[in-house]
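*Asks:* The sequence and its predicted three-dimensional model are supplied below.
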Amino acid sequence: MYIADFHLHSKYSLATSKDMELEQLLKWAKLKGLNLLGSGDFTHPLWYRELKEKLKETNKEGIYNYKGLDFILTTEVSNIYKKDGKTRKIHTIIFISSLEKASILNKKLKKFSELNSNGRPILNIDVKELLKIVKNTDALGFIVPAHIWTPHYSLFGSFDSVEECFEELSDEIFTLETGLGSDPAMNKMVSSLDKYSFISNSDAHSPYKIGREANVFDSPFSFKELKTILKLKDKKRFLFTIEYFSEQGKYYFDGHKNCGICLHPEESKKLNNICPLCGKKITIGVLHRVLNLADRKLGENNRGLIPFKKTLPLLDIVGSLENKNPNTVSIIRKVEDMCTSFESEFSILLNIPIQNLKGKIDNNILQFLDSLRKGKIKIIPGCDGQFGKLET
């Protein structure tokens, strides 16, 4: 298997760990079992310079390598613009086929943003114009709408369809990123999305967060081959995605964080989407938005869907069982030790038989892993920017 996480950030993005650099990414990719990472943030001058100095070309065109870890050139950008009298905010992931093409693209994007101020630049142009610029720069390049259901900065946070957003260029979009708050089956509730493949990525801002969602392929690929695999939804090459439990996503339910209100969409609708405590509008979540656009029930037609497997990062599991923040040093070190003792985190979560882990992992963790693999876990849904919580 060849496991890829295409969407992450560097230390040059706002609200991102200073440890988001190549050595730490290499360390955590090995611990997790990842084979390929998106470079993230290639529009930032300092990060681009480091990528150019340290990444080496491979025999797979468009794929680079750093000390045994493969990289593909990707970056997330934020388009904020007016269209039809409304402010539109949408994040996309740009895939570009070479460092040389990335450099040319950066020069073009400098006209629309201060690229050195943020690894995820804000572009005040229509996302359709961004797509034109990418295509005119790199015939192989493509863009993927990111975390498409997130309420504030996403495709379906601003539009009701791909066609409404990209108009005559809609056929250039062939892949969508589900985001932490939705999974492929939820997306299949909207029949207009049947023609798209779905990728799942971490959008990591810290190195130990990479791989919390990922994509599993049969073997390495070139840039051009990846594009073909995604366009054709090639199940022989694209085996499955690794998915977060959607309820754990920080915008799954509707809510109002300041008032401690978290609601299922049906409850929100009864309240006209108004917070019952303060009278202000609540933040509409992923599930609400999916249900608004859905013309199918969940699981009604999953034909053609790339398979997916749901799991949770060991950090989340161990942190919850010990009633600690998963980002604390003690939890991170414990997870590092576990991953080092076995082939990788993905092996522990998905592959190694439970009986083979007995006596080597704490019993409470082992019991939770067994329940996790059987899908028998309970999650208090996340909402309004707060992640969901495991019931342990």
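*Replies:* Structure received.
*Asks:* Can you tell me the closest non-neighbouring residue to residue 283?
*Replies:* residue 384 (4.3 Å; C-beta to C-beta, 6 or more residues apart in numbering). Every C-beta, even on glycine, is put in place using the N, C-alpha and C of the backbone.
*Asks:* if I pick the one you found, what's in contact with it?
*Replies:* Counting by C-beta atoms under 8 Å, 6 or more residues apart in numbering, residue 384 makes contact with 250-251, 254-257, 262, 282-283, 285.
*Asks:* which of the residues you listed lies closest to residue 4?
*Replies:* The nearest member of those to residue 4, counting by C-beta to C-beta, is residue 250 at 23.4 Å.
*Asks:* Next, the contact list for that closest one, please.
*Replies:* By C-beta under 8 Å, 6+ apart, the neighbours of residue 250 are 180-181, 382-388.
*Asks:* what's the answer for residue 13, then?
*Replies:* Residue 13 touches 20, 40-41, 44, 118-120, 205, counting by C-beta under 8 Å, 6+ apart.
*Asks:* so which of those is the most crowded?
*Replies:* With neighbours defined as other C-beta atoms under 10 Å, the most crowded of these is residue 40; it has 33 neighbours.
*Asks:* Please verify my assumption that that one contacts residue 76.
*Replies:* Yes. Counting by C-beta atoms under 8 Å, residue 40 does reach residue 76; the two are 7.3 Å apart.
*Asks:* what touches both of those two?
*Replies:* Joint contacts of residue 40 and residue 76 (C-beta under 8 Å, 6+ apart) are 7, 9.
*Asks:* Look at residue 110 and say how many residues are nearby.
*Replies:* 14.
*Asks:* Likewise for the one 4 residues further on?
*Replies:* Burial of residue 114 is recorded as 9 neighbouring residues (other C-beta under 10 Å).
*Asks:* Roughly how far does it sit from residue 17?
*Replies:* The gap separating residue 114 from residue 17 is 22 Å, by C-beta to C-beta, to the nearest Å.
*Asks:* do the same with residue 325
*Replies:* 15 Å.
*Asks:* Who has more neighbours out of these two?
*Replies:* Between residue 325 and residue 17, counted using other C-beta under 10 Å, residue 17 has the larger neighbour count: 18 against 11.
*Asks:* ok, that one - contacts?
*Replies:* 11, 205-207.
*Asks:* What values do phi and psi take at it?
*Replies:* Torsion angles at residue 17 (phi, psi; degrees, to the nearest 10) stand at phi -60, psi 140.
*Asks:* Show me how far whichever helix in the chain runs longest is from its chain's centre.
*Replies:* Criterion DSSP state H: the longest helix present in the chain is helix 329-341. Helix 329-341 has its C-alpha centroid displaced from the chain centroid by 23 Å (C-alpha atoms, centre = their mean, to the nearest Å).
*Asks:* separation between the residue lying closest to residue 301 once chain neighbours are set aside and residue 145?
*Replies:* Nearest non-adjacent residue to residue 301, counting by C-beta to C-beta, 6+ apart: residue 188, 6.4 Å away. Noted for residue 188: a distance of 16 Å to residue 145, by C-beta to C-beta.
*Asks:* cool, and residue 358?
*Replies:* In terms of C-beta to C-beta, residue 358 sits 44 Å off from residue 145.
*Asks:* So for these two, which residue has more residues nearby?
*Replies:* residue 145 (23 against 10).
*Asks:* any idea how far residue 231 is from residue 92?
*Replies:* 17 Å.
*Asks:* So which of these two has more stuff around it?
*Replies:* residue 92 (26 against 14).
*Asks:* Now that one. Its backbone dihedrals?
*Replies:* According to degrees, to the nearest 10, residue 92 has phi -130, psi 160.
*Asks:* go on, residue 46?
*Replies:* Per degrees, to the nearest 10, the backbone of residue 46 is at phi -70, psi -40.
*Asks:* what about it, how many neighbours?
*Replies:* 13.
*Asks:* residues contacting it?
*Replies:* 12, 116.
*Asks:* 10 Å instead, please
*Replies:* The contact partners of residue 46, by C-beta atoms under 10 Å, 6 or more residues apart in numbering, come to 10-12, 116, 119.
*Asks:* now residue 306, nearest residue through space, not along the chain?
*Replies:* residue 238 (5.4 Å).
*Asks:* Confirm for me that the residue nearest to residue 301 is in contact with residue 302.
*Replies:* Yes. Under the criterion of C-beta atoms under 10 Å, residue 188 makes contact with residue 302 at 5.5 Å.
*Asks:* intersection of neighbour lists for the two?
*Replies:* Joint contacts of residue 188 and residue 302 (C-beta under 10 Å, 6+ apart) are residue 296.
*Asks:* what bits of the stretch 51-200 of the chain have low per-residue confidence?
*Replies:* Within the stretch 51-200 of the chain, no stretch has pLDDT under 70.
*Asks:* what's the distance between the longest strand seen in the chain and the middle of its chain?
*Replies:* The strand that spans the most residues within the chain, counting by DSSP state E, is strand 69-83. Offset of strand 69-83 from its chain centre (C-alpha atoms, centre = their mean): 12 Å.
*Asks:* Now do the same contact list for the residue most central in space within the chain.
*Replies:* Computing the C-alpha centroid of the chain and ranking residues by C-alpha atoms, centre = their mean puts residue 201 first, at 3.0 Å. By C-beta under 10 Å, 6+ apart, the contact set of residue 201 is 4-8, 37-38, 74, 76, 93, 144, 146-147, 177-180, 210-215, 241-242.
*Asks:* Tell me who's in contact with residue 362.
*Replies:* Contacts of residue 362 by C-beta under 10 Å, 6+ apart are 318, 321-322, 334, 338, 368.
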